[in-house]
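Trainee: task: produce atomic coordinates for the following.
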Amino acid sequence: MAAALADLAKHIEVKLGQLLLASRLEHGELTIVVPASAIVAVLTTLQEDSQCLFEELMDICGVDYPEREKRFAVVYHLLSLRKNQRLRVTCETDEDTAVPSVVAVFPAANWYEREAYDMYGILFSGHPDLRRILTDYGFEGFPLRKDFPLTGYVEVRYDDDQKRVVYEPTKLTQEFRSFDFESPWEGTDYVSEEEKAQKPPAKP
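Mentor: Numbering: from 1, shown residues only. Got it, this is the predicted structure:
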């Protein structure tokens, strides 16, 4: 399998030419990096080339690297049933630059791209219906970004008086929400290890 992937990597390098920015074979998996602007052409080639035949799009996901200038990686997982091989294709983008939609190449990309938009705010140009798919209408922010608070911004509950779902700002009323990395077993009046050492031992 490793030899077959190494041969595939060489073929893709020749086939894509300058469109191939990087290629690595690690842990029995082949990953290639391409420009976001060329993703449609790259996936079309990988789908149609007789030595590739990656005709199945298994997934599209986002990865957030806030420290990078282009903070998002968009990752495409491809499968060739006829060649019994898998391939990971990645490209990079930022919060404002849209990645071309690949729905015309792989119709299954429709919901995958919507999910990446919903969770990360990654934009896809040319998508037929780019709107949220997992979060509710009116949801603020993008939950899988590294800078999104774990508690979220709003709480959702059913109001029995109004007979409908209502949104309210998140309220952190529990004392244990304010962590100070002390022992969780001694209540809220925590004692540090240094203070414990200074206390005289309890009399028997």
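
Trainee: centroid residue for this structure?
Mentor: Per CA atoms, centre = their mean, the C-alpha nearest to the average position across the chain is that of residue 62, at 3.0 Å.

Trainee: state whether it is indeed within a strand.
Mentor: Yes. Looking at residue 62 with DSSP: H, G, I helix; E, B strand; the rest coil, it is inside a strand.

Trainee: pull the number of nearby residues for the nearest residue to it once chain neighbours are set aside.
Mentor: Distances taken as CB to CB, 6 or more residues apart in numbering place residue 120 nearest to residue 62, at 4.0 Å, with adjacent residues excluded. For glycine as for every other residue, the C-beta is placed from the backbone atoms N, C-alpha and C. By other CB atoms under 10 Å, 24 other residues sit near residue 120.

Trainee: hang on, residue 120 packs against residue 65?
Mentor: No. Using CB atoms under 8 Å, residue 120 makes no contact with residue 65, being 11.1 Å away.

Trainee: now for those two: what residues contact both?
Mentor: Residues touching both residue 120 and residue 65 by CB atoms under 8 Å, 6 or more residues apart in numbering: residue 72.

Trainee: torsion angles phi and psi at the residue nearest to residue 62?
Mentor: Backbone torsions for residue 120, taken as degrees, to the nearest 10, come to phi -120, psi -20.

Trainee: ok, it to residue 160 distance?
Mentor: Residue 120 sits 35 Å away from residue 160, going by CB to CB, to the nearest Å.

Trainee: same check, this time on residue 128
Mentor: 40 Å.

Trainee: of those two, who's got more company?
Mentor: Of the pair residue 128 and residue 160, residue 128 is the one with more neighbours under other CB under 10 Å, namely 11 against 7.

Trainee: contacting residues around that one?
Mentor: The contact partners of residue 128, taken as CB under 8 Å, 6+ apart, are 101, 103, 110.

Trainee: again, 10 Å this time
Mentor: 101, 103-104, 107, 110, 113 (CB atoms under 10 Å, 6 or more residues apart in numbering).

Trainee: what is the nearest of the residues you listed to residue 27?
Mentor: Taking CB to CB as the measure, residue 113 is the one of the contacts of residue 128 closest to residue 27, at 27.0 Å.

Trainee: now residue 1. Nearest residue, chain neighbours left out?
Mentor: Distances taken as CB to CB, 6+ apart put residue 28 closest to residue 1, at 6.4 Å, once the chain neighbours are dropped.

Trainee: surely that neighbour is in contact with residue 5?
Mentor: Yes. Using CB atoms under 10 Å, residue 28 is in contact with residue 5, at 7.3 Å.

Trainee: ok, longest helix in this protein?
Mentor: Looking across the chain with DSSP state H, the single longest helix is helix 2-16.

Trainee: give the rounded mean pLDDT of it.
Mentor: What helix 2-16 shows for mean pLDDT is 93.

Trainee: in that helix, what counts as buried?
Mentor: For helix 2-16, burial by neighbour count (16 or more other CB atoms under 10 Å) applies to 5, 8-9, 12, 16.

Trainee: same question for stretch 78-92.
Mentor: Residues 78-80, 83, 85-92 are the ones in stretch 78-92 that count as buried (16+ other CB under 10 Å).
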